[in-house]
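Asks: please work out how this folds:
(chains A, B, C, D, E, F, G, H, I and J)
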Protein chains: 10
Amino acid sequence: MRKELLEVFDNTFPERDYIIEIVNPEFTSVCPKTGLPDFGTITVTYVPDKVCIELKSLKYYFLDFRNAGIFYENVTNTILDDLVAVSQPREMTVKSEWKARGGITETVTVTHSGRKA
Amino acid sequence: MRKELLEVFDNTFPERDYIIEIVNPEFTSVCPKTGLPDFGTITVTYVPDKVCIELKSLKYYFLDFRNAGIFYENVTNTILDDLVAVSQPREMTVKSEWKARGGITETVTVTHSGRKA
Amino acid sequence: MRKELLEVFDNTFPERDYIIEIVNPEFTSVCPKTGLPDFGTITVTYVPDKVCIELKSLKYYFLDFRNAGIFYENVTNTILDDLVAVSQPREMTVKSEWKARGGITETVTVTHSGRKA
Amino acid sequence: MRKELLEVFDNTFPERDYIIEIVNPEFTSVCPKTGLPDFGTITVTYVPDKVCIELKSLKYYFLDFRNAGIFYENVTNTILDDLVAVSQPREMTVKSEWKARGGITETVTVTHSGRKA
Amino acid sequence: MRKELLEVFDNTFPERDYIIEIVNPEFTSVCPKTGLPDFGTITVTYVPDKVCIELKSLKYYFLDFRNAGIFYENVTNTILDDLVAVSQPREMTVKSEWKARGGITETVTVTHSGRKA
Amino acid sequence: MRKELLEVFDNTFPERDYIIEIVNPEFTSVCPKTGLPDFGTITVTYVPDKVCIELKSLKYYFLDFRNAGIFYENVTNTILDDLVAVSQPREMTVKSEWKARGGITETVTVTHSGRKA
Amino acid sequence: MRKELLEVFDNTFPERDYIIEIVNPEFTSVCPKTGLPDFGTITVTYVPDKVCIELKSLKYYFLDFRNAGIFYENVTNTILDDLVAVSQPREMTVKSEWKARGGITETVTVTHSGRKA
Amino acid sequence: MRKELLEVFDNTFPERDYIIEIVNPEFTSVCPKTGLPDFGTITVTYVPDKVCIELKSLKYYFLDFRNAGIFYENVTNTILDDLVAVSQPREMTVKSEWKARGGITETVTVTHSGRKA
Amino acid sequence: MRKELLEVFDNTFPERDYIIEIVNPEFTSVCPKTGLPDFGTITVTYVPDKVCIELKSLKYYFLDFRNAGIFYENVTNTILDDLVAVSQPREMTVKSEWKARGGITETVTVTHSGRKA
Amino acid sequence: MRKELLEVFDNTFPERDYIIEIVNPEFTSVCPKTGLPDFGTITVTYVPDKVCIELKSLKYYFLDFRNAGIFYENVTNTILDDLVAVSQPREMTVKSEWKARGGITETVTVTHSGRKA
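Replies: Numbering: from 1, shown residues only, chains lettered A, B, ... in the order given. Take a look at the predicted model:
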């Protein structure tokens, strides 16, 4: 995915830990095995450090997955890696919840901590 | 915003920690980028110290945002700052949950502690 | 309020900590400012010690608020004080959740611990 | 309201009666008595004749009510009159559902028939 | 009840049949047998003729029932009679839905037609 | 069942057709085959003529089924027959909705008209 | 399917039209194309004439589909045909609602009238 | 769209009118104005005549819209036209319900009758 | 109650702590004061040690309360005592949630630990 | 059950702990006592180590239970044992929630930790 689509803006309250949750219930990608579309909801929750993620650019970044063949686990880890790379958050969790295929649903939840141990 | 609109009254049970939660599902402000209105729910949760926040004055304070161009993160941090300034609570959390724009929703949660470490 | 309306009965299982939750969704009092009625749900949760609170007497105690002018915070703290006085519970929480006024709702939660530190 | 904001486009299936329903849950105007904001959901249901109503222009038309002092009944009848004037539908219904004020909600439903008797 | 509390205002769209629905989920009266309070939701639906019912006056009219001992069926028929007397609607329905007593709920629905046969 | 438990009171608005709905979600009887209890919700809807059914007496009438072995269809038809006999309504419907047995639920709906053809 | 599994019992209220609805949310059969199981809810609604359908026998009849390869439309029409054959109802509707396959759900509704035209 | 993707199979119960409802909550196309994706639910309800629509082929037909720029009204009418052409149903309705854009949702409902007047 | 009705079977996975939750939403007993029936939901949650509780025998044990006059608190503590006596679990919680009486509901939650301190 | 049906694939993000939740609401097995089918929902939650479980193979593994006579507790523990054997997860929980039998539902929750103490 083109993570260069992602834009950030200055966090004007960096002295305070606070939580931003972004939910996109209109995510779609393609199953690399069957070529059929997958539909899911992506939830990004993070504590910003120096910058926040700009919502419109995030939307365009998500659109890049529309015709990409990629597994559930990779979608989730890739989004986390890209968002961490551009925004260096104090903490971030990415959750993907997928519509049923063959009567079975899957949810993948990945967490990153940017705090020093 | 005019925080001088906010009024407080004496907490008649200051010897006890207790929790007050105020929910305003009819909050609206304006996106500074597009000039279009944003709609959200503001939830204020706090442990009062010497004073409690007067509900009607809080309502008028919220109305001040109706035609103001201001980002989600700033709405939330500003409300917290103003309410802390006038009521000096033991603890306070402000959460703003916004209606979808471009299919994506955002929630911002900010917390303040007035207790001494 | 007439806390003498409240009756208790012996806790027949005092050797065990257990939890009793009582919910009254039909509580009403009067706003002392406007003279208009307020409607709310009162939830009492407690760990009984020597006695339990008799439900029917609690109902009559609640009815005493029907035409009383009293603020949300005072309703909640008063109920806690009265119930603690008559039942000396090991722990007790009183929560009041109020219907919207001017589009805004409030919830007040007060807790008492009767355990020795 | 400025009904000249409303735009239409050609109905490409005029040989068939069909139903278009548009729901705006983010409508707000101002109470002419109290000066306080009202919040509601507007639902427009119609059978187009020669033209359909363009959604984005409808959104801007609705925004015109944001700071207007106008009663529930007039909001509803005015929207119907304006939409009928610009789109001459075969049938149209406008419904407005308002958030509670003083614990009481109101819904207004107005219907127009453009068919010849 | 004092129906003289009820106020009306001119219907500015009398040439059109339209429907106004008013819901009061905070209605309370007293059971004439037990003296205990009843709680219910009153829904008034009508087609106005020359006048509409003013909401605030309706609220004060409803408050008159707060300490009145009156049966479910009489509450409902009385409200219909009083509202018809002051507003002469083309059609009106009053529905009262009551909270459970002894595990049993009751709903009463009364309709009036002011149209000439 | 002892239909003599049922009491009625005068309908004070007999000039008007109106609808009374009574719901009892706490009905229980016994399956005559297995001896095991059945649980259901009984809904009685009727247009009263000269008399209305007294709620408390109806409750005691329903209690009579608690230890009676009787099939779903017979419960429903018997309640209709007994209520019609004592109240001679203009119209009456009795519906019984039963909790699942062996994963299967049943609902029985019986209607009586007392109007002359 | 073995319709001989179905048992009936005498309708003791044949002079009256009444409605029996039976819901089985635990129906399963096998897709004849893929060999994979299908899951659905079967709803049977009928007006009995001389006999009613015995619930336990209906349950065993439904179990016969568990390992049968049969399409949605045929399941529904076959159940209707078999139930009509054994119970000769005045009216009967069979509805089958199927869990999603490939993100798409299907519902089939079939009706039979046993009344003479 | 390629309606040649659609397959049908023989209706084995043509002597009976019955209803098939197919729901696809995972429909997506592209807005021809903005180039951004639209998401919706398509519901097809029909009474088959000589043939039924094969579900898997319908799914592939729907996939053809994934990257097509097409308005809501045209999506709905086109699906109806194509399904009528290949299956000649006795009656058919196509409904499309779209996720909010700019806070506003739209639903389009189109009906065809294949019965002779 | 006859706790001798309760049967147990060997826990085939005793090397592992695991949780069994049993919910009976069809519990009924009798109020010892009024003689009227009470209705509730009983939830038993436990970690089995050497034996598990047999479900059908538990059902018959619960039936024993049907015509017994017993208070909420005693129902809950008695069930816990009896189930602990026959199954010696590592941990067990019994919760009873009661339908409203006089508009007020009660829930009682009792916990036992069989682990050595 | 044939655990050899289960397939795994390499975890491409082994450096990170993350959570995969798989829900199958279409699970069915057979009660070994009565021979009647049981229906339930199986939820598998795990932190993968070197491999992830392939969804389609898991589906076929679950199908193996369709005609097997096996108790709730054994279903749950067996699934855990088999999935642990093939995927050696860092942590895994299997929960089975069963549809009501005789009005009573059961849920079994089993947990395994693969981390070294």
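Asks: got a list of what the residue lying closest to residue A:56 once chain neighbours are set aside touches?
Replies: By the measure of C-beta to C-beta, 6 or more residues apart in numbering or on different chains, the closest residue to residue A:56 outside its immediate chain neighbours is residue B:102, 7.0 Å from it. (C-beta placed from N, C-alpha, C; glycine too.) Residues counted as contacts of residue B:102 (C-beta atoms under 8 Å, 6 or more residues apart in numbering or on different chains) are A:55, A:56, A:59, H:36, H:101.
Asks: now do residue A:7
Replies: For residue A:7, the contacting residues are A:53, A:54, A:56, A:57, by C-beta under 8 Å, 6+ apart.
Asks: next: residue A:90.
Replies: With contact set as C-beta under 8 Å, 6+ apart, residue A:90 has these partners: A:17, A:46, A:47, A:48, A:49, A:113, A:114, A:115.
Asks: scan these and report the most crowded one.
Replies: Using other C-beta atoms under 10 Å in any protein chain shown as the neighbour test, the contacts of residue A:90 are led by residue A:48, with 26 neighbours.
Asks: residue A:98: how many residues sit nearby?
Replies: As a burial measure, residue A:98 scores 20 neighbours (other C-beta under 10 Å).
Asks: before we move on, back to that, quick check: the two most widely separated of the contacts of residue A:7?
Replies: Using C-beta to C-beta, these reach their maximum pairwise distance at A:53 and A:56, which is 10.2 Å.
Asks: these two: which has the busier surroundings?
Replies: More neighbours surround residue A:53 than the other of residue A:53 and residue A:56, with 22 against 13 (other C-beta under 10 Å).
Asks: grab the nearest non-local neighbour of the more buried one.
Replies: Nearest residue to residue A:53, sequence neighbours excluded (C-beta to C-beta, 6+ apart): residue A:87, at 5.3 Å.
Asks: how about that neighbour, phi and psi?
Replies: Per-residue torsions, residue A:87: phi -120, psi -10 (degrees, to the nearest 10).
Asks: next one: residue A:2
Replies: phi -90, psi 90.
Asks: same thing with the one 4 residues further on?
Replies: Note on residue A:6: its backbone torsions stand at phi -70, psi 130 [degrees, to the nearest 10].
Asks: pull the contacting residues for it.
Replies: Residue A:6 makes contact with A:53, A:54, A:57, A:58, A:61, A:82, A:83, A:86, A:87, according to C-beta under 8 Å, 6+ apart.
Asks: so is the lengthiest strand in chain A next to chain J?
Replies: Longest strand in chain A, counting residues (DSSP state E): strand A:18-30. No - Strand A:18-30 stays out of contact with chain J when judged by C-beta under 8 Å from any C-beta of the partner chain, the minimum separation being 15.2 Å.
Asks: what's the closest non-adjacent residue to the residue nearest in space to the middle of chain A?
Replies: Nearest to the mean C-alpha position of chain A, counting by C-alpha atoms, centre = their mean, stands residue A:79 at 4.1 Å. Distances taken as C-beta to C-beta, 6+ apart put residue A:94 closest to residue A:79, at 5.0 Å, once the chain neighbours are dropped.
Asks: so what touches the strand or helix carrying that neighbour?
Replies: According to DSSP states H and E, residue A:94 maps onto strand A:91-98. Under the criterion C-beta under 8 Å, 6+ apart, residues A:27, A:38-47, A:72, A:75-76, A:79-80, A:83-84, A:105-115 lie in contact with strand A:91-98.
Asks: switch to 6 Å and redo it
Replies: Outside strand A:91-98, the residues that touch it by C-beta atoms under 6 Å, 6 or more residues apart in numbering or on different chains are A:38, A:40-47, A:72, A:75-76, A:79-80, A:84, A:105-113.
Asks: just the buried ones from these?
Replies: Listed as buried from the contacts of strand A:91-98 are A:38, A:40, A:42-47, A:72, A:75-76, A:79-80, A:84, A:105-110, A:112; burial here means 16 or more other C-beta atoms under 10 Å in any protein chain shown.
Asks: coming back round to it: right, and the helix or strand after the longest strand of chain A?
Replies: Using DSSP H and E, the helix or strand that follows strand A:18-30 in sequence is strand A:37-47.
Asks: tell me if that next one is near chain H.
Replies: Yes - Strand A:37-47 is in contact with chain H by C-beta under 6 Å from any C-beta of the partner chain, via residue A:39.
Asks: what average pLDDT does that strand get?
Replies: For strand A:37-47, the mean per-residue pLDDT is 97.
Asks: what's the angle from the host helix or strand of residue A:62 to strand H:37-47?
Replies: Per DSSP H and E: residue A:62 is located in helix A:55-63. Put simply, helix A:55-63 runs at 60 degrees to strand H:37-47, going by axes from the mean of the first three to the mean of the last three C-alpha atoms, to 10 degrees.
Asks: for chain A, give me the ranges with low pLDDT.
Replies: Along chain A, the parts satisfying pLDDT under 70 run over A:116-117.
Asks: list the contacts of the strand or helix carrying the residue nearest to the centre of chain A.
Replies: Following DSSP H and E, one finds residue A:79 within helix A:72-87. Residues from elsewhere that reach helix A:72-87 (C-beta under 6 Å, 6+ apart): A:3, A:6, A:8, A:29, A:51, A:53, A:92, A:94, A:96, A:98, A:106, A:108, A:110, A:112, J:13.
Asks: how about 7 Å then?
Replies: By C-beta atoms under 7 Å, 6 or more residues apart in numbering or on different chains, the surrounding residues in contact with helix A:72-87 are A:1, A:3, A:6, A:8, A:29, A:42, A:44, A:48, A:51, A:53, A:65, A:92, A:94, A:96, A:98, A:106, A:108, A:110, A:112, J:12-13, J:52.
Asks: for it, the distance to its chain's centre please.
Replies: Distance, stretch centre to chain centre, for helix A:72-87: 6 Å (C-alpha atoms, centre = their mean, to the nearest Å).
Asks: before we move on, what about stretch A:103-110?
Replies: For stretch A:103-110, the separation from the chain centroid amounts to 15 Å (computed by C-alpha atoms, centre = their mean).
Asks: circling back to that earlier point, let me know the angle separating the strand holding residue A:94 from strand A:37-47.
Replies: Using the same axes, to 10 degrees: strand A:91-98 against strand A:37-47 is 160 degrees.
Asks: is the residue in chain A positioned nearest to chain I bridged to anything, and to what?
Replies: With C-beta to the nearest C-beta, the shortest gap between chain A and chain I falls at residue A:107, namely 21.2 Å. When assigned by DSSP bridges, residue A:107 has beta-bridge partners residue A:97, residue J:21.
Asks: next, the angle from the helix holding residue A:62 to strand A:18-30.
Replies: Angle of helix A:55-63 versus strand A:18-30, following the same axes, to 10 degrees, is 30 degrees.
Asks: buried ones in helix A:55-63?
Replies: By neighbour count on 16+ other C-beta under 10 Å, the buried set for helix A:55-63 is A:55, A:57, A:58, A:59, A:61, A:62, A:63.
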